[in-house]
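Undergrad: please work out how this folds:
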Amino acid sequence: MQVEEILTIDIKPGWKKGTKITFPEKGNEQPNVTPADLVFIIDEKPHSVFTREGNDLIVTKTITLAEALTGYTVHLTTLDGRSLTIPINNVIHPNYEEVVPKEGMPLQKDPTKKGNLRIKFNIKFPTRLTSEQKAGIRKLFGVGY
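TA: Model (predicted):
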């Protein structure tokens, strides 16, 4: 006889890919055999803005060379819908990473704590410069800057 039973999985914030949820003895039944456990394994859907690394969220922003040298303000909408404005006044070099503490994923063991938001940058360099632009940059930076 086939019996239908609805099982509910309450997904907790911060659960990672590979987390297992087990319903003991909820698998197929056979006479004189203990039913098997029913096991679900959490997977992650790719997000259009963020990637996950452990408990950290990573976002990559594409900026111009001028923005990298003079400052840039990152505007983001968090996964829970809040708007973040993060001004960056440092010179942004190709390996620069801005870390915003406690704006990542909730920790599985303690959802009141969060990982970090890590902002990486893809800097668009100009493909060519005129002689005047090159001279201006040399003058601006001086010899041996």
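
Undergrad: tell me which element the residue nearest to the spatial centre of the chain is part of?
TA: Among the residues of the chain, residue 57 comes closest to the average C-alpha position under CA atoms, centre = their mean, at 2.7 Å. According to DSSP states H and E, residue 57 maps onto strand 56-64.

Undergrad: can you list the strands that that strand pairs with?
TA: strand 51-53 (antiparallel), strand 117-124 (parallel) (DSSP bridges).

Undergrad: any idea which of those is most buried?
TA: Among those, strand 117-124 has the highest mean neighbour count (mean count of other CB atoms under 10 Å), at a mean of 18. For the C-beta atoms, the positions are set from N, CA and C on the backbone; glycine is no exception.

Undergrad: and after that one, which helix or strand comes next?
TA: Counting by DSSP H and E, what follows strand 117-124 is helix 131-141.

Undergrad: any chance you could list what contacts that next one?
TA: The contact list for helix 131-141 (CB atoms under 8 Å, 6 or more residues apart in numbering) reads residue 129.

Undergrad: can I get that helix in CSV, CA atoms only?
TA: C-alpha atoms of helix 131-141 as CSV (Å, rounded to 0.1, in the frame of the first residue of the first chain):
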residue,chain,number,x,y,z
SER,A,131,50.7,61.6,-26.9
GLU,A,132,49.2,64.5,-25.0
GLN,A,133,47.5,62.1,-22.5
LYS,A,134,50.8,60.2,-22.0
ALA,A,135,52.6,63.5,-21.5
GLY,A,136,49.9,64.7,-19.0
ILE,A,137,50.2,61.4,-17.0
ARG,A,138,54.0,61.7,-16.9
LYS,A,139,53.7,65.3,-15.7
LEU,A,140,51.1,64.4,-13.2
PHE,A,141,53.1,61.5,-11.6
